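Novice: With the input below, show me the fold.
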Amino acid sequence: MHPILFHYGPITIHTYGVAMATAFIVAIYLATRKGKKLGIDPNIVLDMSFWIMIGSIIGARIVFIITMWDYYIQHPLEMLEIWKGGLVFYGGLFGGILSMYIYLKWVKQEFFKFGDLISPYMGLGYAIHRAFGCYMNGCCYGKPTTLPWPIGSVFAPNSDAGMAYPGQRLLSTELFESVNGLILFFFLLWYERHLKKHDGELVGLFLVLYSFNRFIIEFFRGDVIRGFIGPAIHWPWGASPLSTSQFIAIPTFIAGWIIFFWARSRKENGKSTKLQGTK
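Specialist: Numbering: from 1, shown residues only. Take a look at the predicted model:
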């Protein structure tokens with residue numbers, strides 16, 4: 001894999017940072033275009049997206065630093081080096097939601113209307129970032145395997161995966177999660193077109209489906225920096241504690257169902273951002 005995209009004189013361009021920027025740009029562009037079809041002011045979408053990006057990066061970095069606190073307390077300046085990787089999606093998710101809520105409250109817009117607007121494109125952005133950011137960077141890797149590519153991959157020696165397991169083939173959990181993001185993207189678009197009744201349903205479904213799939217994929221991850229919480233749990237395949245992401249996935253899963261059923265049960269006069277002309 002290629003954690004460094006290229007060098008330009010003294011400047012080093014990291015693949016992770018380029019992929020993250022690309023994921024944001026694609027998601028923002030598609031959400032803005034969709035918003036125009038729904039009669040939503042594109043300027044609000046763009047401004048909201050800016051604050052989501054800031055909140056997501058800060059939240060994702062804070063959670064990662066917490067999981068690696070013993071290291072970063074010794075290397076405090078490296079806390080700012082986000083272009084090298086080291087972001088936790090759940091931290092980014094909640095940081096983005098918080099900044100989005102504050103912004104929409106400030107401009108007096110409905111939170112769930114805009115939440116449903118961007119939910120499918122969050123899945124697409126997630127897929128882009130995992131496939132071209134994490135995978136090329138060699139982070140968020142899986143456990144050793146003998147399976148061929150793309151199920152298993154050998155990572156570059158200068159990547160996190162390559163240094164942890166030199167020359168070994170590891171499960172391509174980054175690609176598994178990328179596929180998860182694509183499934184979210186296409187399913188939410190389909191659900192919006194055919195089944196959605198009220199704003200908030202897509203937000204709930206995103207939280208439910210993402211947290212469920214992430215909980216499962218965590219069993220195949222091999223990077224120990226994710227952190228673990230609680231005593232060892234005896235699973236059918238062995239004993240291990242919950243990872244930090246699995247622990248967070250449980251309340252996220254529950255919260256997603258609560259939001260979904262709340263939105264689904266709203267009165268019929270509730271407004272929805274479903275595209276006109278669809279059934």
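
Novice: so where is the stretch 151-279 of the chain shaky, pLDDT-wise?
Specialist: Low-confidence segments of the stretch 151-279 of the chain, defined by pLDDT under 70: 225, 237-239, 268-279.

Novice: can you pull out the helices in it?
Specialist: Using DSSP state H, counting those that start in this stretch, the helices assigned to the stretch 151-279 of the chain run over residues 160-164, 173-194, 201-217, 244-264.

Novice: And for the stretch 1-150 of the chain?
Specialist: Counting by DSSP H, counting those that start in this stretch, the helices of the stretch 1-150 of the chain are 15-37, 42-67, 69-72, 89-106, 111-129, 135-137.

Novice: if we can go back for a sec, turn the helices of the stretch 151-279 of the chain into CSV, including distance to residue 56.
Specialist: (Each C-beta comes from the backbone N, C-alpha and C, glycine too.) Output for the helices of the stretch 151-279 of the chain, formatted as CSV (distance: least, C-beta to C-beta, whole Å):
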stretch, distance to residue 56
helix 160-164, 21
helix 173-194, 15
helix 201-217, 14
helix 244-264, 15
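
Novice: returning to that earlier point: minimum distance to residue 172: which of the helices of the stretch 1-150 of the chain has it?
Specialist: helix 135-137 (6.9 Å; C-beta to C-beta).

Novice: Outside of that closest one itself, list whatever touches it.
Specialist: With contacts defined as C-beta atoms under 8 Å, 6 or more residues apart in numbering, helix 135-137 is touched by 1-3, 14-16, 19, 84-85, 153, 159-160, 172, 174-175, 178.

Novice: How far does it sit from its chain's centre?
Specialist: The chain centre lies 15 Å from the centre of helix 135-137; the measure is C-alpha atoms, centre = their mean, to the nearest Å.

Novice: just stretch 242-259 next, same as before
Specialist: Using C-alpha atoms, centre = their mean, the offset of stretch 242-259 from its chain centre is 14 Å.

Novice: Over to stretch 195-207?
Specialist: That offset, for stretch 195-207, works out to 18 Å (C-alpha atoms, centre = their mean).
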